[in-house]
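1. Starting from these lines, generate the structure:
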Amino acid sequence: MSKYKYHGIYDITFYKCDEDGNQETNADGSIKLYTSKQNVDLSYVSDWFDIEDLTDYHEQIDNTNTIHDLLCDMYDIQRQVKQANLYDKPKDNDGSCITVGDCIENVIDQLNEFKKIKERRD
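-> Reported below is the predicted structural model:
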């Protein structure tokens, strides 16, 4: 049995978005991340889940499909969706302003962030 029975918050980052959920991005298209200027106690966030819910951070990034393969798949999907003229269509039928293209770009951005983390670690 592990002696590590408790968990806490190591780091929290934030992003800004508009009223439609579009995230602010850097010049390279990656999501612009922020941290608090204040020393805010957010330790209560760890109370929202049990220690059994944790997974190793690096194992989560290194799943069986490589990030590169996932990005290639997303770029293929992006190209096909554009050719089918669905890129600028709403992502659902609930009156959302978010488009299919927005969702695809979000997935690509997140995968690129994981890729950068993995490259820094390797």
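
2. helices or strands up against the lengthiest helix in the chain?
-> In the chain, taking DSSP state H as the definition, the longest helix is helix 100-121. Helix 100-121 makes packing contacts with helix 57-61, helix 67-83 when contacts are defined by 3 or more C-beta pairs under 8 Å, 6 or more residues apart in numbering; DSSP states H and E. To be clear about C-beta, it is placed using only N, CA and C from the backbone, and glycine gets the same treatment.

3. residues of that helix that come out buried?
-> 100-102, 104-105, 107-112, 114-115 (16 or more other C-beta atoms under 10 Å).

4. May I ask you to confirm that residue 96 belongs to a strand?
-> No - Residue 96 is assigned coil when assessed by DSSP: H, G, I helix; E, B strand; the rest coil, not a strand.

5. could you measure it against residue 23, distance?
-> Distance of residue 96 to residue 23, computed by C-beta to C-beta, to the nearest Å: 15 Å.

6. quick one, which of these two is more surrounded?
-> The neighbour comparison of residue 96 against residue 23 (other C-beta atoms under 10 Å) goes to residue 23, with 17 against 13.
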